[in-house]
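Participant: Turn this into a model:
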Amino acid sequence: MRTSFFSSVLTALIVGSFSATAAAAQALTLSQFLNCISASGSGGTCQLAAGTYVVDGQTLPTITINRSGITVQGTVVSGVDDTTIQRGFTTDQSCFNSGQCYSTMATGVYAPTSLITLGSGVSNVTIQDFTVDGNRYYDNGTVINCENGDQWFHDVWVPPSNSSVNVTNVNFINAPQDAVLLEGQNSAVTSSSFGMGTGPNGYKTSTRSTAIFVTQSNNGAWYNTIYYSGSAGITLFGSTQYAYGNTLVENRFEQGSGGQVFTNPSSSYASITANVVNGNYFSVAGGSLQNGCVVPGTQMVYPSGIESYGSYQRFFDNEVANNTGTGIQLGGSSPMTDIEVSSSNPWNSSDILRYIENNGYRGIWFLGPSEGWPYSTSGVLLDDVAVRNNSDWGLYLDGVSGQSGYEGFTADSCISGNTAGSISEPGSSLQNPYPQNYDTCKTE
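Facilitator: Numbers count the residues shown, from 1 in each chain. Just a heads-up that it's a prediction; the model follows:
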């Protein structure tokens, strides 16, 4: 099994070099807190006193961390809800003119582009123990954010110039676009929750779009719980990104087709490991209202577990289950190269066996020309894959060709109970399109 391309970032995170525990600090008033996180502040921990703080872009601009090497945290009395950062609004157009706000769907109303961000070049920062409320249902629920204009909004934004930023133990609810945009390097979102709240009318919502949107390199998401994102729960662009130990349930809640985890065609060397991606048999009709927003299209939409494009992507020991679409769907609309799927976890050799199971269509589907897709995959390594009880083929290798070291099955597999059969390989030229055995399963 290949692990040499992985950086030390994931290993460091698993053993805990990103710590969610800060030294005891005095709770600060808002003005004291803003001074603490400023370039002229002092002390290793800036702890905001419990309360709800409305960032409207005018009275309280975006909270910007301008100092490296600090922990920025809320005060926990009974839970992270005790210190809440909430999106507010202003009618003062100067906020929009200065670029600090964008124009909302309500005429003459403006909102900040982000609630928490970092200044240029800031590094080695931990942000923890907050609830961040994007407040997409404002004005007593009479305005619902469904607009494309909210693509400018992010609850928390880590810009490209930042590095070694950890967002941990934060509860994100009701973001009108993305909850976290992670554009720096060597940074992470860890042990946080998304979608553990509702709107004023009882809507279930994490974010209108993506919960965790990752770009650049050596970033990722670890041990998060993500419910009810409008599109993907985790989106990976860039190179050498990680999604490890996350639980994702019923994402693609508003924007329909696609996967709960998504890798972009330009991405490479992603490691998607030990996640639980549970669709909870959710589907939605195109044209219907979901969270007050119209689902695109006119047909029934059946979301998948993982939707992947790009090159050198790795999938290790993921539980992908109960999705009304396919478990893992790869390529088709763009070429893919050298893909590995395994039931082993390279960082935890004693980890439990996780299955790709009980999905409404195929278990693993490499899209290709036999069903009308313009591209197929070149190079696939299948290491003891565990696929069972899906409603079509367990593994569909459409037009997949081999590359040196990526010629299909390495030995055995754990494939059973799939309605159409275990494996179909129309047009495939792999040297090893079938395993030696179909029932070699690790201890669960």
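
Participant: State the number of residues packed around the residue nearest to Trp152 when sequence neighbours are not counted.
Facilitator: Closest residue in space to Trp152, ignoring its immediate chain neighbours: Tyr102 at 4.4 Å, by C-beta to C-beta, 6 or more residues apart in numbering. Glycine gets a C-beta too; all of them are placed from N, C-alpha and C. By other C-beta atoms under 10 Å, 18 other residues sit near Tyr102.

Participant: is it fair to say Tyr102 lies in a strand?
Facilitator: Yes: Tyr102: assigned to a strand according to DSSP: H, G, I helix; E, B strand; the rest coil.

Participant: Tell me the spacing between it and Thr90.
Facilitator: 11 Å (C-beta to C-beta, to the nearest Å).

Participant: hey, what's in contact with both of these two?
Facilitator: Each of Tyr110, Ala111 lies in contact with both Tyr102 and Thr90 under the rule C-beta atoms under 8 Å, 6 or more residues apart in numbering.

Participant: Please report how far Asn322 lies from Leu382.
Facilitator: Separation of Asn322 from Leu382 (C-beta to C-beta): 23 Å.

Participant: cool, and Gly44?
Facilitator: 48 Å.

Participant: cool, and Gly399?
Facilitator: 16 Å.

Participant: Who has more neighbours out of these two?
Facilitator: More crowded of Gly399 and Leu382, by other C-beta under 10 Å: Leu382, with 28 against 22.

Participant: Can you name the residues bridging to that one?
Facilitator: Assessed by DSSP bridges, Leu382 has beta-bridge partners Val341, Phe409.

Participant: Show the pLDDT at it.
Facilitator: Per-residue pLDDT puts Leu382 at 97.

Participant: next one: phi and psi at the residue lying closest to Tyr138 once chain neighbours are set aside?
Facilitator: Spatial nearest neighbour of Tyr138, excluding adjacent residues (C-beta to C-beta, 6+ apart): Phe89 at 6.4 Å. Backbone torsions for Phe89, taken as degrees, to the nearest 10, come to phi -140, psi 160.

Participant: Does Phe89 touch Thr104 like I think?
Facilitator: Yes: between Phe89 and Thr104 there is a contact at 6.8 Å, judged by C-beta atoms under 8 Å.

Participant: Need the overlap of contacts for the two.
Facilitator: By C-beta under 8 Å, 6+ apart, Phe89 and Thr104 have these common neighbours: Tyr110, Ala111.

Participant: And for Val54, nearest residue in space, chain neighbours not counted?
Facilitator: Looking at Val54 with C-beta to C-beta, 6+ apart, the closest residue is Gly88, at 3.8 Å.

Participant: go on, Phe316?
Facilitator: That would be Thr273: by C-beta to C-beta, 6+ apart, it lies 4.1 Å from Phe316.

Participant: Just give the number of residues close to the one you found.
Facilitator: Residues near Thr273, counting by other C-beta under 10 Å, number 27.

Participant: measure it to Arg314 for me?
Facilitator: 8 Å.

Participant: what does Ser343 give?
Facilitator: Counting by C-beta to C-beta - Ser343 and Arg314 are separated by 13 Å.

Participant: Low-confidence regions, the protein specifically.
Facilitator: Low-confidence segments of the chain (pLDDT under 70): 1-24, 139-143, 148-151, 199-201, 443-444.

Participant: where along it do the helices fall?
Facilitator: Shown for the chain, the helices assigned by DSSP state H span residues 9-15, 30-36, 93-97.

Participant: Can you give me the buried ones in the last one?
Facilitator: Judged by neighbour count using 16 or more other C-beta atoms under 10 Å, the buried positions of helix 93-97 are Cys95, Phe96.

Participant: Which residues does stretch 153-160 contact?
Facilitator: Here stretch 153-160 has contacts from 87, 102, 111-118, 120, 127, 132, 134, 165, 167, 170, 172, 175-184, 187, 207, 213, 215-216, using C-beta under 8 Å, 6+ apart.

Participant: what's around Thr52, how many residues?
Facilitator: Neighbours of Thr52 (other C-beta under 10 Å): 12.

Participant: which residues does the nearest residue to it once chain neighbours are set aside contact?
Facilitator: Leaving aside its chain neighbours, Thr52 sits nearest to Thr84 (4.5 Å; criterion: C-beta to C-beta, 6+ apart). Contacts for Thr84 (C-beta under 8 Å, 6+ apart) come out as Gly51, Thr52, Tyr53, Gly74, Phe130, Thr131, Val132, Asp133.

Participant: Kindly report the same for Ala25.
Facilitator: Counting by C-beta under 8 Å, 6+ apart, Ala25 has contacts Gly43, Thr45, Cys46, Gln47, Gln73.

Participant: Kindly present those as CSV, with separate columns for distance to Tyr434.
Facilitator: Supplementary listing: those in CSV, determined by distance: C-beta to C-beta, whole Å:
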residue, distance to Tyr434
Gly43, 62
Thr45, 57
Cys46, 58
Gln47, 59
Gln73, 53
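
Participant: of those residues, buried ones?
Facilitator: Buried, going by 16+ other C-beta under 10 Å: Thr45, Cys46, Gln47, Gln73, out of the contacts of Ala25.

Participant: and the second one, how far is that from Phe33?
Facilitator: Translated: Cys46. Using C-beta to C-beta, we find Cys46 at a distance of 6 Å from Phe33.

Participant: do the same with the first one
Facilitator: Between Thr45 and Phe33 the distance is 11 Å, computed by C-beta to C-beta.

Participant: before we move on, what about the third one?
Facilitator: Counting by C-beta to C-beta, the separation of Gln47 from Phe33 is 8 Å.

Participant: got it, and Val295?
Facilitator: In terms of C-beta to C-beta, Val295 sits 41 Å off from Phe33.

Participant: And for Gly286?
Facilitator: On the measure of C-beta to C-beta, Gly286 and Phe33 end up 46 Å apart.

Participant: Neighbour count: those two, which is higher?
Facilitator: Phe33 (21 against 14).

Participant: Okay, the residue lying closest to that one once chain neighbours are set aside and Gly99: tell me how far apart.
Facilitator: Among residues not flanking Phe33 along the chain, Leu48 sits closest, at 4.5 Å (C-beta to C-beta, 6+ apart). The gap separating Leu48 from Gly99 is 25 Å, by C-beta to C-beta.
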